[in-house]
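Enquirer: Pasted the sequence and its predicted model underneath.
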Amino acid sequence: EADIYQTPRYLVIGTGKKITLECSQTMGHDKMYWYQQDPGMELHLIHYSYGVNSTEKGDLSSESTVSRIRTEHFPLTLESARPSHTSQYLCASTKGVSAEAFFGQGTRLTVV
Amino acid sequence: QKEVEQNSGPLSVPEGAIASLNCTYSDRVSQSFFWYRQYSGKSPELIMSIYSNGDKEDGRFTAQLNKASQYVSLLIRDSQPSDSATYLCAVKRLSEAGGSYIPTFGRGTSLIVHP
């Protein structure tokens, strides 16, 4: 069982609020990722990190930002939530040159 | 052309049959290939990795890789209703920044196994 955790699991929040989605892993993986997935749709990479103090934007443009101050922690922040941000956000990690990804349980975000 | 192509399905098979899921990829230099299973409302979980041409078997699952044809498949023998899920094909590609490899996913194929 993968040791990667996301909180909260579910979040309903009003438009304009600032939110941070948490992701932590205890596997010592150096690389971490955030994917966005709408119901029944494909995964879209929005951010990734090679290691501490390294972050890159993914394939899908996103208004969110990320930080990687500690190896095990990769939070995602939305400064001002909008209804278009309603989606499921999945955090994942890999180790070294392997691309075998382990996923957290996901955060289902609803912006009203 | 998308990097990883899959038929979205749904693929419907009777219980006990062999389910065959297919995937093609565009980057000829890709070396690592993965199959993930995603149940509705859940996160993807890795079920198979394959790196060399040929077949790799794990229980009821067989992954097949043909690098010349840029084709990966997953066979599920003796399909069970509990296998009903979306199956995601993924490849390892070099990131835009060139610093590392990242997993890139297809859109997934929905499999329905009916009793």
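Expert: Done, it's in.
Enquirer: Could you pull out the strands in chain A for me?
Expert: A:4-7, A:10-13, A:19-25, A:31-37, A:44-51, A:54-57, A:65-66, A:76-78, A:87-94, A:102-103, A:107-111 (DSSP state E).
Enquirer: Is chain B within reach of the fifth one?
Expert: Yes: part of strand A:44-51 sits close enough to chain B to count as contact by Cβ under 8 Å from any Cβ of the partner chain, namely A:45, A:48, A:50. C-beta coordinates here come from the backbone N, C-alpha and C atoms, glycine included.
Enquirer: got TSV for the strands of chain A, with mean neighbour count and mean pLDDT too?
Expert: Shown next, in TSV, are the strands of chain A (neighbours: other Cβ atoms under 10 Å in any protein chain shown; pLDDT from 0 to 100):
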stretch	mean neighbour count	mean pLDDT
strand A:4-7	19	97
strand A:10-13	13	97
strand A:19-25	19	97
strand A:31-37	25	95
strand A:44-51	20	93
strand A:54-57	16	92
strand A:65-66	19	96
strand A:76-78	18	96
strand A:87-94	23	96
strand A:102-103	21	96
strand A:107-111	18	97
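Enquirer: need the ones you listed in TSV with distance to residue B:38, can you?
Expert: What follows is these, written out as TSV (distance: least, Cβ to Cβ, whole Å):
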stretch	distance to residue B:38
strand A:4-7	15
strand A:10-13	18
strand A:19-25	18
strand A:31-37	9
strand A:44-51	14
strand A:54-57	24
strand A:65-66	23
strand A:76-78	20
strand A:87-94	10
strand A:102-103	9
strand A:107-111	14
